[in-house]
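Peer 1: Need coordinates for the following:
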Amino acid sequence: MPQTRERAVLIARYRGRATLPEKTHRPFRKKLTPAEEGRRPYMTMADVLDRLAPFEVVSNYGTGGDPKARGRRQHDEPAFTVTGKIRRNKVGPPGHPDADPRFDDAEAGQLQSFPRDYPWRGKDIPQQIGNAIPPLLGVHILAAALGLGNEARDAAVKKAIACGAAAPESAPLPAEQLSNGVAVPGLFPIQVASPVEQPV
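Peer 2: Presented below is the predicted three-dimensional model:
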């Protein structure tokens with residue numbers, strides 16, 4: 001996902017060992033370890049948004065509690081954490097961050113890995129977007145919790161992207177799949193050749 005955000009996630013299984021998702025992309029920082037350098041590059045706002053680059057985003061939050069020290073990110077960097085107040089972020093050409101329209105709901109959703117045409121409904125949609133678990137993060141967590149391995153995880157991510165991630169009416173999927181012998185509701189059908197043996 002094209003944003004820097006930390007989340008606490010609890011993964012548990014009734015049977016077998018629960019594991020955390022593997023890190024797949026480089027972190028957004030200058031000094032990387034050799035292991036981090038071997039990962040895929042981090043995603044940027046320009047990778048997912050249909051805005052003309054270059055552009056700059058000024059966060060609605062101050063750094064260290066100082067409202068004057070607001071963070072700035074460029075189009076070729078990840079976004080700040082998407083919150084329910086994302087419309088307060090200023091967006092525009094470098095040096096003129098309030099010249100362009102601010103992020104709309106579709107763009108905020110894209111920064112959370114939702115498809116641009118996701119059918120948001122109800123009141124306070126920016127708050128819904130900011131509170132949402134990004135669909136692609138959900139795929140990684142589910143794959144780790146079920147012990148599916150990288151190949152099945154990557155296949156599920158590709159399928160999620162192809163079917164519009166979390167928009168169920170865009171691509172009806174089978175009701176249930178078996179994954180490692182466990183019945184899983186079919187948001188992201190994953191085919192596993194044989195169950196993975198895990199200690200109980």
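
Peer 1: Helices of this structure, residue ranges please.
Peer 2: Here the chain has its helices, by DSSP state H, at 34-37, 45-48, 105-111, 125-131, 135-145, 149-162.

Peer 1: Name the stretch among those that sits most buried.
Peer 2: helix 105-111 (a mean of 22; mean count of other Cβ atoms under 10 Å). C-betas here are computed from N, CA, C, even on glycine.

Peer 1: about what we covered before: of all the helices of the chain, which lies closest to residue 97?
Peer 2: helix 45-48 (13.3 Å; Cβ to Cβ).

Peer 1: Report all helices and strands that that closest one contacts.
Peer 2: helix 105-111 (3 or more Cβ pairs under 8 Å, 6 or more residues apart in numbering; DSSP states H and E).

Peer 1: Mind giving me the packing neighbours of the helix it packs on?
Peer 2: helix 45-48, helix 125-131.

Peer 1: Just the pLDDT for residue 20.
Peer 2: The per-residue pLDDT reported for residue 20 equals 85.

Peer 1: likewise residue 164?
Peer 2: 56.

Peer 1: For the protein, which segments count as strands?
Peer 2: 56-63, 66-74, 90-92, 176-179, 182-185 (DSSP state E).

Peer 1: Go through stretch 31-44 and flag the buried ones.
Peer 2: By 16 or more other Cβ atoms under 10 Å, the buried positions in stretch 31-44 come out as 42-44.

Peer 1: returning to what we had before: format the helices of the chain as TSV; extra columns: distance to residue 83.
Peer 2: Listed next are the helices of the chain as TSV, based on distance: least, Cβ to Cβ, whole Å:
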stretch	distance to residue 83
helix 34-37	26
helix 45-48	15
helix 105-111	9
helix 125-131	4
helix 135-145	16
helix 149-162	23
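
Peer 1: Go through those helices and name the closest to residue 96.
Peer 2: Using Cβ to Cβ, the helices of the chain put helix 45-48 closest to residue 96, at 16.8 Å.

Peer 1: Other residues contacting the closest one?
Peer 2: 2, 51, 53, 55, 57, 73, 75-79, 110-111 (Cβ atoms under 8 Å, 6 or more residues apart in numbering).

Peer 1: Now, of those, which are buried?
Peer 2: 2, 51, 55, 57, 73, 75, 77-79, 110-111.

Peer 1: neighbours around the nearest residue to residue 140 once chain neighbours are set aside, how many?
Peer 2: Of all residues not flanking residue 140 in the chain, residue 21 sits nearest, at 4.0 Å (Cβ to Cβ, 6 or more residues apart in numbering). Residue 21: 16 surrounding residues under other Cβ atoms under 10 Å.

Peer 1: any low-confidence regions in the protein?
Peer 2: Across the chain, the ranges flagged by pLDDT under 70 are 62-69, 163-200.

Peer 1: change it to 50
Peer 2: 165-200 (pLDDT under 50).

Peer 1: what sits against residue 150?
Peer 2: Contacts of residue 150 (Cβ under 8 Å, 6+ apart): residue 22.
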